[in-house]
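>>> got a sequence here, can you build the structure:
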Amino acid sequence: MTFMNNDANIKQFQLIEFMNKNCSDEHVMAKIIIVLRRDKIEAPYYMITKIRMTSCIDRPENGVIHAMDIINHTRRHNLTEDTYNDIKSLITGSDYESNLVEITEDDSQLKMVLMSRNNDENRTLFENHKELFDRIDNLID
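Next comes the predicted model:
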């Protein structure tokens, strides 16, 4: 798996998936926010992706130590109307519901928040939303 394209642009979700698969720490927490907007005049179809990952160490004698923020990454995209509608349909058409995913929508934006508290939950999110994550990553090819 490569998480960079030929121009060395990071593919966000492939990087997170790579880190998750190659991490032995069970206390890796992730929060992924995808916001689609269609209210800007200069860029009428717009998307922001935010990814935060944190790792903790569980030491019985010291309790849980919040060891580090692994990644805090934000990417902004100007989209075409077709791409916007494609990504929107992947978000709203998702039939996977759980307490790990929250989707809200109003007149100007669609927001999807995905949270995982351990590696297993993170793997589940990637299995259930692979098509969405791949579509977003492929925007930078």
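
>>> got any ranges where the protein has weak pLDDT?
Flagging of the chain using pLDDT under 70 yields the residue ranges 1-9, 23-26, 40, 57-67, 95-97.

>>> so which elements touch the lengthiest helix in the chain?
Taking DSSP state H as the criterion, the chain has its longest helix at helix 81-92. Identification of packing neighbours for helix 81-92 by 3 or more Cβ pairs under 8 Å, 6 or more residues apart in numbering; DSSP states H and E yields strand 28-37, strand 101-105, strand 109-116, helix 130-137. All C-beta spots, glycine's among them, are computed from the backbone N, C-alpha and C.

>>> nearest to Ile16, of the ones you listed?
Shortest distance between Ile16 and the helices and strands packed on helix 81-92, using Cβ to Cβ, is found for strand 28-37: 6.7 Å.

>>> and that closest one, which strands flank it?
Its sheet considered, strand 28-37 pairs with strand 46-59 (antiparallel), strand 109-116 (antiparallel) by DSSP bridges.

>>> of those strands, flag the one that's most buried.
Among these, the stretch with the highest mean neighbour count (mean count of other Cβ atoms under 10 Å) is strand 109-116, at a mean of 19.

>>> if anything else comes up later, I'll come back, but that's it for now.
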